[in-house]
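Novice: this is a predicted model, with the sequence first.
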Amino acid sequence: MIDILVYLFENYPPDGCPEPAALARKLTAAGFETEEISAALTWLEGFPAEADAGCREPARAGAIRIYDELEQERLPVACRGFIAFLEQHDAVDSRLREAIIERALALPDAEVSLDRLKVIVLAVIWRYRHEVDALILEELLADDASDEDSEPGEGIVRILLN
């Protein structure tokens, strides 16, 4: 499913994705498995229409996000620390943070890895067209390259910076 999200970042603007049925056909033609496509489409449907749909009040200065037991089990310390890093560097606000957490918990994984969380962050940024500092974007794309000759997430960088 994560591969499909990366494919979408690289090939479609957030408001330019085809309808789910057409997108499923295109993903099948691109070589993705039916089960993966179904899971990705279901996951994408879970995005609230607005970035603030999950968070009713703006964050107060100095506020700290407390994670419940389930969130702590599914989001290890590295993930929670990375989310705090993004907030501290004003890369995401409380509304985007909540969207990131909600979409991460929507994954079927028992525990969300930091690499998967970074893709989720990119998905939220992509979906809501949120601008991100280039250094933060570089941190999000770290360890994204599968071989030494390719630049990490170069297609994603092009989409997000446009």
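Specialist: On my side now, so go ahead.
Novice: please point out which parts of the longest helix along the chain sit buried.
Specialist: Using DSSP state H to define each element, the chain has its longest helix at helix 114-127. Of the residues in helix 114-127, those buried by neighbour count under the rule 16 or more other C-beta atoms under 10 Å are 116, 117, 118, 119, 120, 121, 122, 123, 124, 125, 126, 127. Bear in mind the C-beta positions are built from the backbone N, C-alpha and C, glycine included.
Novice: list just the nearest of those residues to residue 2.
Specialist: The shortest distance between residue 2 and any of the buried residues of helix 114-127, using C-beta to C-beta, involves residue 119 and amounts to 5.2 Å.
Novice: can you show me the helices along the chain?
Specialist: 2-11, 20-29, 34-45, 69-74, 77-88, 94-105, 114-127, 134-141, 154-161.
Novice: possible to save those helices as TSV with mean pLDDT and distance to residue 63?
Specialist: Written out in TSV, the entries for these read as follows (pLDDT from 0 to 100; distance: least, C-beta to C-beta, whole Å):
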stretch	mean pLDDT	distance to residue 63
helix 2-11	85	29
helix 20-29	92	37
helix 34-45	90	28
helix 69-74	96	16
helix 77-88	93	10
helix 94-105	93	7
helix 114-127	89	20
helix 134-141	76	20
helix 154-161	42	27
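Novice: burial of residue 4, as a residue count?
Specialist: Burial of residue 4, expressed as a neighbour count using other C-beta atoms under 10 Å, amounts to 20.
Novice: these two touch, right, it and residue 34?
Specialist: No - when contacts are counted by C-beta atoms under 8 Å, residue 4 is not listed as touching residue 34 (11.6 Å).
Novice: residue closest to the middle of the protein?
Specialist: Residue closest to the mean C-alpha point of the chain, counted by C-alpha atoms, centre = their mean, is residue 120 at 1.9 Å.
Novice: for that one, which non-adjacent residue is spatially closest?
Specialist: The spatially closest residue to residue 120, leaving aside those adjacent along the chain, is residue 104, at 4.8 Å (C-beta to C-beta, 6 or more residues apart in numbering).
Novice: need the contact list for that neighbour.
Specialist: Residue 104 makes contact with 74, 75, 79, 112, 116, 117, 120, according to C-beta atoms under 8 Å, 6 or more residues apart in numbering.
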